[in-house]
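**Student:** Here is the input, now give the coordinates:
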Amino acid sequence: MYYGDDIIDEVRSANDIVDLIGSYVTLKKAGSNYVGLCPFHNEKTPSFSVSGRKQMYYCFGCGKGGNIYTFLQEYENITFVESVQMLAERAGINLPENTSAPADAKKKQLKELVFEINKKACGFYHKFLLDERGKLGLDYFKSRGLTDETIRKFGLGYAPQSGGNLYRYMKSLGYNDDILKQTGLFGYNDRGEPYDKFWNRVMFPIVDKRNHVIGFGGRVMGDAKPKYLNTQETVVFDKSRNLYGINYIRGKLEHGLVLCEGYMDVIAMFQAGYEFAVAALGTSFTEGHAALIKRMTDRVYICFDSDEAGQKAAIRAIPILKNAGVSAKVISLAPQKDPDEFFKNNPVEAFLDRIDNAKSSFFFEIGYIEKNHDMDDPESKTAFMNEAAGKILAFEDEIERNNYIEAFAREYKVKAEDFKALVAKLSAKKAGIDYEKLRERREQRKSVRKEDAIEKSQGILLTWLAYNPERLDSLKKYINTDDFVDEPYKTVAGIVFEQIEKTGKVDAAGIVSRFGDSEEQSLVAGIFHKEIEDDGDENSGRAIREVVKNIMKYSLDHKSATLEDISQLQELVKKQKELENIKIDI
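**Tutor:** Below you'll find the predicted structure:
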């Protein structure tokens with residue numbers, strides 16, 4: 001799918017970034033901007049700034065920034081094209097159907113049809129549940145303690161015992177088999193005869209973040225196999241990249257998210273008032289699931305079944321969450337098996353105590369390892385200590401690693417110095433792996449890029465020009481785009497100078513869109529997010545003059561260092577002398 005610059009600009013102009021981000025983040029007016037807690041990293045003091053004038057955002061804490069498209073891509077984990085479509089729908093703009101990629105248009109049309117059919121199927125199953133023919137399914141939900149309100153909220157339904165009901169319903173609505181085959185709702189036997197894949201099952205609609213019904217999970221009534229059946233992967237459904245209950249989660253969850261195993265677990269959590277739970281869709285927890293969770297929170301409480309299978313599933317999920325940058329704790333529901341059973345046997349507020357007493361993922365893993373060792377046997381206990389030391393090595397930060405060494409030593413009553421020596425010895429034995437270098441490289445990738453003095457000067461001047469485009473003519477007596485040596489400042493300066501000369505103004509948000517990489521967009525947004533107040537007094541004028549001189553000096557130094565033609569040296573020396581006494585009237 002491709003949209004021209006005119007469409008992209010129209011959609012961007014029709015949506016106010018303060019209104020959009022304000023629907024995700026609590027913003028407060030602060031001077032000419034709005035501030036709030038950054039949705040992209042944990043913080044207690046607001047460093048996330050949104051400018052209505054520039055139609056841009058920037059976080060001074062983590063360095064993320066951009067325009068309205070960048071925000072949606074980062075927050076909702078969607079593509080640029082999807083962000084255009086989402087904002088166009090929000091603004092009531094009809095996007096052109098004709099694109100330079102016919103295959104994309106055809107795929108989009110197919111997806112819309114599948115969404116439409118899934119929505120009608122959801123209504124069919126729900127209506128059937130409330131009909132006298134759905135009594136078996138309704139009795140099941142009632143036996144699980146669900147209220148009428150909860151059944152309506154989650155759109156629960158029932159697929160009738162006799163097959164073919166849904167197929168006949170869809171045919172009566174005019175849908176052809178070519179489309180129905182791609183929904184995952186129907187199968188076709190060797191003779192090409194259709195049948196409903198879901199029958200005699202209570203139905204759980206699966207809904208995405210944009211409230212599209214993308215598939216279904218069905219639990220059989222009786223002893224047939226499989227007990228749970230999910231929609232096969234389709235053009236709209238990828239079970240490894242969606243989570244049950246995600247459509248009810250709004251904004252960044254600072255308090256964390258509860259990760260459950262099944263549909264009924266999530267529903268039980270919501271009915272008890274804990275409306276921040278999700279579950280994987282009948283599959284093992286994946287990196288795709290972790291990436292979705294990272295968009296919503298940096299903290300997860302794993303609440304899997306308390307049996308052996310559930311504990312193993314938690315052990316598998318912990319490193320996946322950790323690699324995604326999400327910290328995990330594990331909730332114990334024992335002696336109950338799962339949230340559904342827990343709330344039937346305890347007051348709803350008792351779950352808060354389980355959250356408060358949740359184990360850190362490290363000590364949960366250590367406890368799981370301990371169960372496989374005889375702590376009264378010296379050899380087995382030594383093996384346990386070595387495995388625990390191996391887990392400690394997973395902590396890249398030295399301070400964090402030492403904190404866990406001390407915590408482990410207290411918990412298992414060993415000398416911290418002895419256990420620390422064991423960790424160091426084990427690290428040294430890891431052939432071919434330099435853990436310290438690995439830690440440094442990862443820390444470098446995670447650290448926010450700090451501006452040096454010249455980068456700050458270049459950013460200040462470009463921000464000042466965005467506010468004062470009429471000053472470009474006087475400025476050009478002393479400085480031009482070649483004096484912006486580093487990228488992306490040089491490219492941005494070229495665009496700014498060109499925009500002012502052509503239109504008399506600077507479209508900062510539009511400039512961000514010219515950079516395709518999200519890191520570049522954040523950097524460019526940071527360039528334009530310098531707080532420059534030009535009130536016309538001597539102080540502000542003096543500050544800008546110093547900025548110009550800094551850039552000019554840096555430019556001359558750079559040219560001197562890279563000079564190839566000796567005949568140009570005399571001219572550079574002359575300019576360097578002039579710089580000492582230059583009087584810039586700005």
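**Student:** out of everything not next to it in sequence, what's closest to residue 18?
**Tutor:** residue 52 (4.6 Å; CB to CB, 6 or more residues apart in numbering). The C-beta positions use only the backbone N, C-alpha and C, and glycine is treated the same way.
**Student:** Look at that neighbour and report its pLDDT.
**Tutor:** Looking at residue 52, its pLDDT is 90.
**Student:** what's the answer for the one 4 residues further on, then?
**Tutor:** Model confidence at residue 56, expressed as pLDDT, equals 93.
**Student:** cool, residue 418 as well?
**Tutor:** pLDDT, read off for residue 418, is 88.
**Student:** got it, and residue 436?
**Tutor:** Reading off the model, residue 436 has pLDDT 49.
**Student:** Next: the one 5 residues further on.
**Tutor:** The predicted local distance difference test score for residue 441 is 49.
**Student:** And residue 190, by the same measure?
**Tutor:** So, for residue 190, pLDDT stands at 85.
**Student:** That one: neighbour count?
**Tutor:** Other residues lying near residue 190 total 5 when counted by other CB atoms under 10 Å.
**Student:** can you give me the strands for the stretch 251-400 of the chain?
**Tutor:** 257-260, 277-279, 299-303, 327-330, 359-360 (DSSP state E, counting those that start in this stretch).
**Student:** Looking at the ones you listed, which is nearest to residue 43?
**Tutor:** strand 299-303 (13.2 Å; CB to CB).
**Student:** What is the closest one packed up against?
**Tutor:** If you count contacts as 3 or more CB pairs under 8 Å, 6 or more residues apart in numbering; DSSP states H and E, strand 299-303 packs onto strand 257-260, helix 308-323, strand 327-330.
**Student:** Can you pull out the low-pLDDT segments for this protein?
**Tutor:** Counting by pLDDT under 70, the chain shows low-confidence ranges at 1, 97-104, 251, 428-451, 530-540, 561-586.
**Student:** Nearest residue to the middle of it?
**Tutor:** Central residue of the chain (CA atoms, centre = their mean): residue 295, 2.4 Å from the mean position.
**Student:** Now for it: which residues touch it?
**Tutor:** 74-77 (CB atoms under 8 Å, 6 or more residues apart in numbering).
**Student:** for the protein, longest helix please?
**Tutor:** helix 102-130 (DSSP state H).
**Student:** Run through the neighbouring helices and strands of that helix.
**Tutor:** Checking 3+ CB pairs under 8 Å, 6+ apart, helix 102-130 ends up next to helix 135-143, strand 157-159, helix 165-172, helix 177-180, strand 201-207, strand 213-220.
**Student:** ok so, going back, does the residue nearest to residue 18 touch residue 17 like I think?
**Tutor:** Yes - between residue 52 and residue 17 there is a contact under CB atoms under 8 Å: 6.9 Å.
**Student:** Quickly note the distance from residue 364 to residue 407.
**Tutor:** 13 Å (CB to CB, to the nearest Å).
**Student:** Show me which of the two is the more surrounded one.
**Tutor:** Set residue 364 next to residue 407 and count neighbours by other CB under 10 Å: residue 364 wins out with 21 against 14.
**Student:** Would you mind measuring from the more buried one to residue 321?
**Tutor:** Taking CB to CB, one finds residue 364 at 12 Å from residue 321.
**Student:** any chance you could map the helices in the stretch 451-586 of the chain?
**Tutor:** Under the criterion DSSP state H, counting those that start in this stretch, the stretch 451-586 of the chain contains helices at 453-467, 472-475, 489-503, 508-513, 518-527, 538-561, 569-580.
**Student:** can you tell me which of those helices comes nearest to residue 151?
**Tutor:** Short answer: helix 518-527, nearest of the helices of the stretch 451-586 of the chain by CB to CB, at 41.0 Å.
**Student:** could I get the helices of the stretch 451-586 of the chain as JSON lines with mean neighbour count and distance to residue 306?
**Tutor:** Shown next, in JSON lines, are the helices of the stretch 451-586 of the chain (neighbours: other CB atoms under 10 Å; distance: least, CB to CB, whole Å):
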{"stretch": "helix 453-467", "mean neighbour count": "20", "distance to residue 306": "53"}
{"stretch": "helix 472-475", "mean neighbour count": "14", "distance to residue 306": "68"}
{"stretch": "helix 489-503", "mean neighbour count": "17", "distance to residue 306": "56"}
{"stretch": "helix 508-513", "mean neighbour count": "23", "distance to residue 306": "49"}
{"stretch": "helix 518-527", "mean neighbour count": "22", "distance to residue 306": "40"}
{"stretch": "helix 538-561", "mean neighbour count": "16", "distance to residue 306": "62"}
{"stretch": "helix 569-580", "mean neighbour count": "12", "distance to residue 306": "73"}
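**Student:** Residue 335 is nearest to which of those?
**Tutor:** helix 518-527 (46.9 Å).
**Student:** Can you tell me which helices and strands the closest one packs against?
**Tutor:** strand 56-59, strand 65-66, helix 68-76, helix 453-467, helix 489-503, helix 508-513.
**Student:** If I take it and helix 453-467, what angle do their directions form?
**Tutor:** Relative orientation of helix 518-527 versus helix 453-467 (axes from the mean of the first three to the mean of the last three CA atoms, to 10 degrees): 70 degrees.
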